[in-house]
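> Fold the following for me, if possible:
(chains A and B)
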2 protein chains.
Amino acid sequence: MTQIPGVDLSAELEAVDAHWTPRVIARVNDQYVKVAKLLGELVWHAHEHEDEMFLVISGRLRIQLPDDREVVLGPGQLYVVPRGMQHNPIADEEVHIVLVETVTTAHTGSVVVEGTVPVEQQVGDFRG
Amino acid sequence: MTQIPGVDLSAELEAVDAHWTPRVIARVNDQYVKVAKLLGELVWHAHEHEDEMFLVISGRLRIQLPDDREVVLGPGQLYVVPRGMQHNPIADEEVHIVLVETVTTAHTGSVVVEGTVPVEQQVGDFRG
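Just a heads-up that it's a prediction; the model follows:
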């Protein structure tokens, strides 16, 4: 019997050393699964053609949406930001999340800011 | 400020009343996110064209693979069964999982057994 290890979310999150810098840990069909640490605020942006799933592992994430709406997620809670919808994730404390998004999804959509991390950098040494 | 609720994995799992009966809780792009409770063994099967992601929320899941290989997953650990690979999930105790798979993925692949649950039934009252 050969044991094959799974992917451990805690271990993958430990390997993340910068905020707002997603790290690809798996691929399922045309979607990447990523982990990220968030603190503070990134930027309002949208992904025109792609939904984006946020699942909180620890901490409390606020996602501001248009029309003065807001999603608040605690551990074990998820939300899918629909394609085309402007959103602004805010972490008042450090938040650890899992993201699921299409392999081609740009980090901050059509907005490019200092903190924008190209997908190739998010992939890093993941080979899947 | 209008608060929009997220999807709570624990609450969604509480709403599952049968083992091996995935429940669709979200859609991200062309993938469904599902929760399921597993106990015992389902059947060896493969999905010819689709990867399938297993993430364990509680309990310990074994996934038997060809050539006498086995993946063992605890809480917070995930594994993607590549398309075309035969696999046999086994839950020696009750296991709660999240699944991510293409919206068209058949429950037990090309194998149909008494426990096979059609995708339409997994979707239930989810509208996304």
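> Count residues in the vicinity of residue A:26, would you?
By other C-beta atoms under 10 Å in any protein chain shown, the residues close to residue A:26 number 23. Yep, even glycine has a C-beta here, placed from its N, CA and C like the rest.
> where's it, which helix or strand?
strand A:23-28 (DSSP states H and E).
> Chain B contacts on chain A?
Proximity of chain A to chain B, by C-beta under 8 Å from any C-beta of the partner chain, involves residues A:1-10, A:26-31, A:33, A:50-53, A:56-57, A:65, A:67-73, A:76-80, A:100-102, A:128.
> Is residue A:34 bridged to anything, and to what?
Counting by DSSP bridges, residue A:34 forms beta bridges with residue A:24, residue A:99.
> which residues touch it?
Residue A:34 makes contacts with A:22, A:23, A:24, A:25, A:98, A:99, A:100, A:101, A:122, as judged by C-beta atoms under 8 Å, 6 or more residues apart in numbering or on different chains.
> If you tally nearby residues, what's the number for the spatially closest residue to the fourth one that is not a sequence neighbour?
Looking back up the chat, that one is residue A:25. Leaving aside its chain neighbours, residue A:25 sits nearest to residue A:12 (4.7 Å; criterion: C-beta to C-beta, 6 or more residues apart in numbering or on different chains). Close neighbours of residue A:12, defined as other C-beta under 10 Å, add up to 21.
> in the strand or helix carrying residue A:12, what's buried?
Counting by DSSP H and E, the element that carries residue A:12 is helix A:9-14. Buried positions in helix A:9-14, judged by neighbour count with 16 or more other C-beta atoms under 10 Å in any protein chain shown: A:9, A:12, A:13.
> Among the residues you listed, which one lies nearest to residue B:45?
Residue B:45 lies nearest to residue A:9 out of these, by C-beta to C-beta, at 26.3 Å.
> That closest one against residue B:76, yeah?
Yes: assessed by C-beta atoms under 8 Å, residue A:9 is found in contact with residue B:76 at 4.5 Å.
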